[in-house]
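Novice: can't give you the sequence, but here's the structure:
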């Protein structure tokens, strides 16, 4: 099986000292040991950049431009990247219509659209509730991966 890593998993993975960092690292390590392919999407990297460069006062990581750029380089070296295809937009539009998606949730719909186009059914995310509406994918919490 293959997994897309959601932005929140990527952020926790790089944020030293965050309570969920260990959960991210262990889940990624476990999936790799099980031979799973781990993917990034441009949408995740764009969202990562937005949070990584945002000040702490606005719930960001407050990284400098150079620090954020280095983190992007590191993430792309650790995980496979599925680039955008023109068909993702049509899939996204279909999903937002089918599920009547509004507001900030349109970003999650785009992740699901890219997953559908790239035929990846599993999303590793701490926000499984945000993806419950999408019957096309399986949202998995990293803490579930590492349960004994």
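Specialist: Received it, and whenever you're ready, just let me know what you need. Note that the coordinates shown come from a computational prediction; the quantities given were computed from them, not determined experimentally.
Novice: thought residue 116 was touching residue 136?
Specialist: Yes: the criterion here is CB atoms under 8 Å, and residue 116 meets it with residue 136 at 5.6 Å. The way it works is simple: take the backbone N, C-alpha and C, and place the C-beta from them, glycine included.
Novice: Just the helices from the chain, written as ranges.
Specialist: Taking DSSP state H as the criterion, the chain carries its helices at 7-14, 21-33, 42-52, 65-78, 87-98, 105-117, 142-145.
Novice: Any chance of those helices in CSV with mean neighbour count and mean pLDDT as columns?
Specialist: Below are these laid out as CSV (neighbours: other CB atoms under 10 Å; pLDDT from 0 to 100):
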stretch, mean neighbour count, mean pLDDT
helix 7-14, 22, 97
helix 21-33, 17, 97
helix 42-52, 19, 97
helix 65-78, 14, 98
helix 87-98, 16, 98
helix 105-117, 21, 98
helix 142-145, 17, 96
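Novice: Out of those, which is closest to residue 130?
Specialist: For the helices of the chain, proximity to residue 130 was assessed by CB to CB; helix 105-117 is nearest, at 5.3 Å.
Novice: picking up where we left off before, show me the one of the helices of the chain that comes nearest residue 1.
Specialist: For the helices of the chain, the distance to residue 1 is smallest for helix 21-33, at 8.8 Å, taking CB to CB.
Novice: now that closest one and helix 65-78, what's the angle there?
Specialist: 30 degrees (axes from the mean of the first three to the mean of the last three CA atoms, to 10 degrees).
Novice: Give me the contact list for helix 21-33.
Specialist: When contacts are defined by CB atoms under 8 Å, 6 or more residues apart in numbering, helix 21-33 is touched by residues 3, 5, 9-10, 12-13, 15, 38, 124, 126, 142-143, 145-146.
Novice: Noted, bye for now.
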